[in-house]
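Engineer: With the sequence up front, the predicted model follows.
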Amino acid sequence: MRRLIRFLMRPAVSLWGTIAAMLLYALSIGPAVWLIFHVHLPDWTSVGVHYFFCPLSWALAKSEQLTNVVVVYMTFWVDITSHPATQNVQLPEAPPFFVEVSGTLIGAWLIWNFVRWVNQRKTLSTPQVAP
């Protein structure tokens, strides 16, 4: 167990784990859209999905190229021209500063892990002089 914890605490594992988690988060919109189009979901799940993908929807509103990429990715999962099984729900407004704060925290976490990873590589590459 200690070996596993030491392995997980390595900066490279933290850095690449964070990048993989962010990639999986972005790719999870495909199955979510499939569920919305094929399964009638209750209203509370629609609100949960809305809040879960709030940072991604903010990014889509800011970038036309990202919107085009996501639309192409979603067409692999569903036919966007069809009507979804889940009815439209009046969604609440996103909490103020939620998206900006979450993006800043993720960016700070990535930079911190990258600096740790670079520093670890520097200490491993410098030759150790025996006394």
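Structural biologist: Right, received. Where do you want to start? Numbers count the residues shown, from 1 in each chain.
Engineer: What helices and strands are in contact with the lengthiest helix in the chain?
Structural biologist: Counting by DSSP state H, the longest helix found in the chain is helix 98-125. Secondary-structure packing of helix 98-125 (3 or more Cβ pairs under 8 Å, 6 or more residues apart in numbering; DSSP states H and E): helix 11-27, helix 54-62. For the C-beta atoms, the positions are set from N, CA and C on the backbone; glycine is no exception.
Engineer: in the longest one, what's buried?
Structural biologist: When you say that, I think you mean helix 11-27. 11, 14-15, 18, 26 (16 or more other Cβ atoms under 10 Å).
Engineer: thinking again about what came up before, please convert the helices and strands packed on helix 98-125 to TSV, extending it with mean pLDDT and distance to L35.
Structural biologist: Output for the helices and strands packed on helix 98-125, formatted as TSV (pLDDT from 0 to 100; distance: least, Cβ to Cβ, whole Å):
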stretch	mean pLDDT	distance to L35
helix 11-27	82	14
helix 54-62	82	16
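Engineer: buried set for stretch 112-125?
Structural biologist: Taking 16+ other Cβ under 10 Å as the criterion, stretch 112-125 shows 113-114, 116-117 as buried.
Engineer: Most widely separated two among the residues you listed?
Structural biologist: Farthest-apart pair in the buried residues of stretch 112-125 is F114 and R116; separation 7.3 Å (Cβ to Cβ).
Engineer: Quick check: A32 vs N113, distance?
Structural biologist: Between A32 and N113 the computed distance is 27 Å (Cβ to Cβ, to the nearest Å).
Engineer: Make JSON lines out of the helices and strands packed on helix 98-125 and add distance to P42.
Structural biologist: Converted to JSON lines, the helices and strands packed on helix 98-125 look like this (distance: least, Cβ to Cβ, whole Å):
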{"stretch": "helix 11-27", "distance to P42": "23"}
{"stretch": "helix 54-62", "distance to P42": "19"}
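Engineer: helices or strands up against the helix or strand containing G48?
Structural biologist: G48 belongs to helix 43-52 when assigned by DSSP states H and E. The helices and strands touching helix 43-52, judged by 3+ Cβ pairs under 8 Å, 6+ apart, are helix 29-38.
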